[in-house]
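Undergrad: Only the shape, not the letters, is given here:
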């Protein structure tokens with residue numbers, strides 16, 4: 001017997017899993033009424049676990065050098081128009097210090113895969129931040145490394161790691177990445193991180209070139225099996241200096257549908273309303289929170305470098321000071337009925 005969409009949403013909330021056809025139906029056929037029902041359930045589930053709390057993560061984009069040539073990314077190695085920069089270890093620690101004074105209790109250190117930063121340098125930066133503020137959680141988002149490197153960062157004090165798989169389908173992965181990168185290695189890195197003891201984040205871009213709903217369902221099944229602590233979902237937005245410059249961007253609707261589905265599927269996960277969501281819609285991050293997200297990541301990078309860390313075109317919040325960014329986000333979140341809390345926001 002075929003279920004209608006509301007019945008499928010009820011089933012997903014209850015069992016935290018659907019079969020392939022159930023996911024496909026939800027991804028392709030929601031009416032406005034169905035959407036409202038999905039988001040209402042997603043918000044109820046996130047409130048059962050995390051209440052009305054929204055956690056802010058201070059993002060420090062410390063280098064836009066990258067050894068890779070991913071076809072979608074504005075800081076890919078072959079983009080000769082990118083104005084490259086690196087923050088010094090002292091700059092990075094100072095950004096974290098400023099974040100702490102503003103009330104951030106998590107920083108996310110993000111960069112391209114920049115080999116100039118050795119394992120020892122990353123460890124020293126992590127230790128320096130921890131020495132100043134032992135109660136501050138440190139998340140790394142610096143790409144694919146060897147397990148031994150991940151272990152060193154963990155022992156230095158990093159507790160979380162973000163590594164989006166981008167797509168779980170090997171053929172689709174090859175459409176987005178050069179041949180020396182593989183989804184098998186990416187997934188191995190994610191497993192290594194989990195085995196070491198990190199809180200781990202995976203995720204995808206929505207609407208990448210060649211992506212089908214079947215690919216997205218493959219991702220949902222992978223994420224359900226992997227059971228990450230965090231899931232990063234944002235729309236694909238093209239960058240003018242990449243091979244995908246003329247491709248259409250992902251949609252707000254598809255991204256919000258996925259946020260709602262993932263919240264019901266993984267009730268305990270930390271789910272950001274991403275900057276990319278705010279880039280394709282002025283109220284995108286607020287809509288993300290009202291679809292089940294509970295994390296926002298304002299920028300703590302020095303204002304002078306923000307416009308250089310351009311993974312996609314049109315990125316918002318590149319001209320504000322960190323304090324402005326924090327205050328603005330706090331006001332916007334309050335209007336959704338949720339509230340920013342000064343907390344690390346660990347996985348529950």
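TA: Here it is on my side, so go on. Treat the numbers as computed from the prediction; the structure is a model and nothing was measured. Numbering: from 1, shown residues only.
Undergrad: residue boundaries of the strands in the stretch 1-150 of the chain?
TA: 53-56, 58-63, 106-111, 137-141 (DSSP state E, counting those that start in this stretch).
Undergrad: and the gap between the one residue sitting closest to the centre of the chain and residue 124?
TA: The residue lying closest to the centre of the chain (CA atoms, centre = their mean) is residue 232, at 3.0 Å. To residue 124, residue 232 is 27 Å away according to CB to CB, to the nearest Å. No exception for glycine: its C-beta is placed from N, CA and C like everyone else's.
Undergrad: what's the burial count for residue 234?
TA: 28 (other CB atoms under 10 Å).
Undergrad: ok, now which ones touch residue 113?
TA: 66-68, 142-144 (CB atoms under 8 Å, 6 or more residues apart in numbering).
Undergrad: cool, and residue 198?
TA: 150, 154, 158-161.
Undergrad: any idea how far the nearest residue in space to residue 43 that is not next to it in sequence is from residue 336?
TA: The shortest distance from residue 43 to any non-neighbouring residue, by CB to CB, 6 or more residues apart in numbering, is to residue 292 (6.1 Å). Distance of residue 292 to residue 336, computed by CB to CB: 12 Å.
Undergrad: which one of the two has more residues nearby?
TA: Using other CB under 10 Å, the more surrounded residue of residue 292 and residue 336 is residue 292, with 29 against 18.
Undergrad: From what I see, that one and residue 44 are in contact.
TA: No: counting by CB atoms under 8 Å, residue 292 does not reach residue 44; the two are 9.3 Å apart.
Undergrad: name the helices or strands packed onto the longest strand along the chain?
TA: Ranked by residue count and defined by DSSP state E, the top strand of the chain is strand 199-206. Under the contact criterion of 3 or more CB pairs under 8 Å, 6 or more residues apart in numbering; DSSP states H and E, strand 199-206 touches strand 160-162, helix 183-196, helix 213-226, strand 230-235, helix 252-265.
Undergrad: Using CSV, lay out these together with mean pLDDT and distance to residue 29.
TA: Listed next are the helices and strands packed on strand 199-206 as CSV, based on pLDDT from 0 to 100; distance: least, CB to CB, whole Å:
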stretch, mean pLDDT, distance to residue 29
strand 160-162, 98, 32
helix 183-196, 98, 29
helix 213-226, 98, 11
strand 230-235, 98, 20
helix 252-265, 98, 10
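Undergrad: and of these, who's closest to residue 347?
TA: Set against residue 347 and scored by CB to CB, the helices and strands packed on strand 199-206 come closest in strand 230-235, at 7.4 Å.
Undergrad: that older thread, just put the strands of the stretch 1-150 of the chain in a markdown table and tack on mean neighbour count, distance to residue 84 and mean pLDDT.
TA: Supplementary listing: those in a markdown table, determined by neighbours: other CB atoms under 10 Å; distance: least, CB to CB, whole Å; pLDDT from 0 to 100:
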| stretch | mean neighbour count | distance to residue 84 | mean pLDDT |
| --- | --- | --- | --- |
| strand 53-56 | 22 | 28 | 97 |
| strand 58-63 | 26 | 8 | 97 |
| strand 106-111 | 24 | 11 | 98 |
| strand 137-141 | 22 | 18 | 98 |
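Undergrad: Distance to residue 75 for the ones you listed - can I get that in a markdown table?
TA: Shown next, in a markdown table, are the strands of the stretch 1-150 of the chain (distance: least, CB to CB, whole Å):
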| stretch | distance to residue 75 |
| --- | --- |
| strand 53-56 | 24 |
| strand 58-63 | 9 |
| strand 106-111 | 9 |
| strand 137-141 | 13 |
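Undergrad: between the ones you listed, which gets nearest to residue 271?
TA: Of all the strands of the stretch 1-150 of the chain, strand 53-56 sits nearest to residue 271, with 10.4 Å by CB to CB.
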